[in-house]
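J.: The sequence and its predicted three-dimensional model are supplied below.
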Amino acid sequence: MMADDGLVDDVGVRLARLATTLTAQGALRSNTWREALLAVPRHVFLPRFYRKKPGTFDYEPVIREPIGDRAWLDLVYSDETWVTQVDGKDDLWSDHPRALSGRGTCSSTMPSLVVGMLESLDLSDDHTVLEVGTGTGYSTALLCRRLGPDRVVSVEVDRTLSQRAEVALAQLGFAPTLVVGDGALEFPDRAPYDRIIGSCSFTHVPYRWVEQTRPGGLIEVILTGSITGGPRVILEVKDDKMAAGMLDAQMLGFMVSRPQIQPPPPPGIIPKRDPSHERISDIDPSIFDDDRFQFLLQSRIPGLTYSGLFHPPDHDALFRTHDPERWAYVYIDDDDRLRVQESDSGAPSWTIIEDTARTWDRLGRPGLNAFRLTVASHQQTLTIPGEDTRWQVFF
């Protein structure tokens, strides 16, 4: 069923063009998902959205009526992510939406990423899927078209977003099971599932997902953290209720699950430099510019943040966590050496940073796709098959 019959021809042309683009990119790989993509009009889920101003956190509303059907459809059917909510506010849906500044809290993700993740689920016709993060409902609709609505459960933490997605899905004749709640929790009524997919990113894999997935089933999620985004991982659930899978090489910036959005560390006293408490560290400062290393750091030290050090004219940085007693002050001296002053109390953050850097260097700075994530009931670990490296993932 195609909503808004007056746009059928224009939408069909744009959907076909989008399918061609995604196929050329390698995101769309099967006739099954091509048929689903061509049958689900994205504009039903994007009557309004925000366009981000480059290099800022400012969002300006884009609405169909002022810019006209063609311009609006060109944007909707491009391979772009469009934000539909900022800081949990629903101003976009008011009579006179205004520009906003802040953090995007809901979006319709770029179709290449949505379809690529769905392709990687390796679905069969009889599978059941738990989707975490309904959002606009667009990916939910693709799943409904592929499997049938009775095999799709979608969870959204924001009741208003869930209700809006329900209306859009109904326009296309889809009525999946929609749940309002924290997607990291359990939903036993329909478990076990054959597949669980995160349509938003998580700092770790909730173990309850493993408990709710059939042995041999898959969990697909994009990881994130306090410093940067992270890679996608597809985990296979084992008979012993553990799950494991290799990380992807590519780093992705993905909408973060709202209950997992981490506030910045509380204000603290910036320590004064005390040469008597400093030591020289042999870490190459440029390593902190590498987003792969940033991901490894945030996986090992929960809530770690820092700035400066390698961005002139600042040649120093304060590393902090949510523990005010856990910090490290670091600067580059006149001889281009790294000097470190670390808090006397609290867990030794810099020691972990040095261990991560030295180990990664010893291994030849491998890509993230060299790492295997294992999820058990009591811990999550990153390992490199064939190596003795074993890092616990904290969250």
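T.: Here it is on my side, so go on. Numbers count the residues shown, from 1 in each chain.

J.: Every contact and neighbour count from this point should use C-alpha atoms.
T.: Fine.

J.: wait, what's in contact with the closest residue to residue 322 other than its chain neighbours?
T.: In space, residue 322 comes closest to residue 265 once its chain neighbours are excluded; the distance is 4.7 Å by C-alpha to C-alpha, 6 or more residues apart in numbering. Contacts for residue 265 were tallied using C-alpha atoms under 8 Å, 6 or more residues apart in numbering; they are 303, 305, 320, 321, 322, 323, 324.

J.: cool, residue 359 as well?
T.: Residue 359 is in contact with residue 389, counting by C-alpha under 8 Å, 6+ apart.

J.: Repeat the analysis, applying 7 Å as the threshold.
T.: Contacts for residue 359 (C-alpha atoms under 7 Å, 6 or more residues apart in numbering) come out as none.

J.: And for residue 185?
T.: Here residue 185 is in contact with residue 208 (C-alpha under 7 Å, 6+ apart).

J.: Provide the secondary structure category for it.
T.: coil (DSSP: H, G, I helix; E, B strand; the rest coil).

J.: That one and residue 195, how far apart?
T.: Computed as C-alpha to C-alpha, to the nearest Å, the residue 185 to residue 195 distance reads 16 Å.

J.: before we move on, the earlier item: quick one: which of the contacts of residue 265 is nearest residue 124?
T.: Taking C-alpha to C-alpha as the measure, residue 124 lies nearest residue 303 of the contacts of residue 265, at 38.8 Å.

J.: So for the closest one, what's the pLDDT?
T.: The model reports residue 303 with a pLDDT of 85.

J.: could we number from 2 for the rest of this?
T.: I'll keep to 2 as the first residue from here, and by that count the last item is residue 304.

J.: what's around it, how many residues?
T.: Neighbour count for residue 304, taken as other C-alpha atoms under 10 Å: 21.

J.: Residue 323 is in contact with that one, correct?
T.: Yes. Counting by C-alpha atoms under 7 Å, residue 304 touches residue 323, with 6.1 Å between them.

J.: Name the residues of stretch 108-128 that are buried.
T.: By 16 or more other C-alpha atoms under 10 Å, the buried positions in stretch 108-128 come out as 108-110, 112-120, 122, 124.

J.: And for stretch 374-393?
T.: Within stretch 374-393, the residues that count as buried by 16+ other C-alpha under 10 Å are 374, 375, 376, 377, 381, 382, 383, 384, 385, 392.
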